[in-house]
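*Asks:* What would the 3D arrangement of this be:
(one chain, ligands or ions: 1)
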Amino acid sequence: MIRASCPTCGDVELTTRDVRVLLCSTTYESSYAFQCPSCRVAVAKPAEARVVDVLLAAGISLSVWHMPAELDEAKTGEPITYDDLLEFHFQLGSGADLDTLLAGGTARWLENAGPQDVV
Ligand SMILES: [Zn+2]
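*Replies:* Numbers count the residues shown, from 1 in each chain. Next comes the predicted model:
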């Protein structure tokens, strides 16, 4: 059994199958996550390397993830606005398919987007 703390319920007991260790391969920050067996809320907490070592030694599974590549893309043009989003929403609802909208580039956010932004 593993004892962890839910922000709502306090201390809860978990099995090794209830917990996952999460390691970001971009920042090397780690955390552990579980769903509270009492209130079902998803809980994630940062974990230092020594805690990760203990959890992995106890048989808890490790999930490695990475930051999305979009974070490294050059940002050009003005940020999209709520009006842009609303316009795009209406264009999607007009019956045109997404490929046609992307090819037409009628939305301002598409006109301002660089080629790396529309893939
Ligand atoms: Zn709870």
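*Asks:* all contacts plus neighbour counts: C-alpha atoms, from now on.
*Replies:* OK.
*Asks:* on contacts alone, who are the packing partners of the helix ranked longest in the chain?
*Replies:* Scanning the chain for the longest helix, with DSSP state H as the assignment, gives helix 82-93. Of the remaining helices and strands, those touching helix 82-93 by 3 or more CA pairs under 8 Å, 6 or more residues apart in numbering; DSSP states H and E are helix 98-104.
*Asks:* Show me what the helix it packs on is packed against.
*Replies:* In terms of contacts (3+ CA pairs under 8 Å, 6+ apart), helix 98-104 is packed against helix 82-93.
*Asks:* sorry, back to before: so which bits of the longest helix of the chain are buried?
*Replies:* Judged by neighbour count using 16 or more other CA atoms under 10 Å, the buried positions of helix 82-93 are 87-88, 91.
*Asks:* same check, this time on stretch 4-15
*Replies:* 4, 6, 14.
*Asks:* Reformat these as CSV; add secondary structure, pLDDT and distance to the ion.
*Replies:* Output for the buried residues of stretch 4-15, formatted as CSV (DSSP: H, G, I helix; E, B strand; the rest coil; pLDDT from 0 to 100; distance: CA to the ion, whole Å):
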residue, secondary structure, pLDDT, distance to the ion
4, strand, 93, 10
6, strand, 97, 5
14, strand, 95, 12
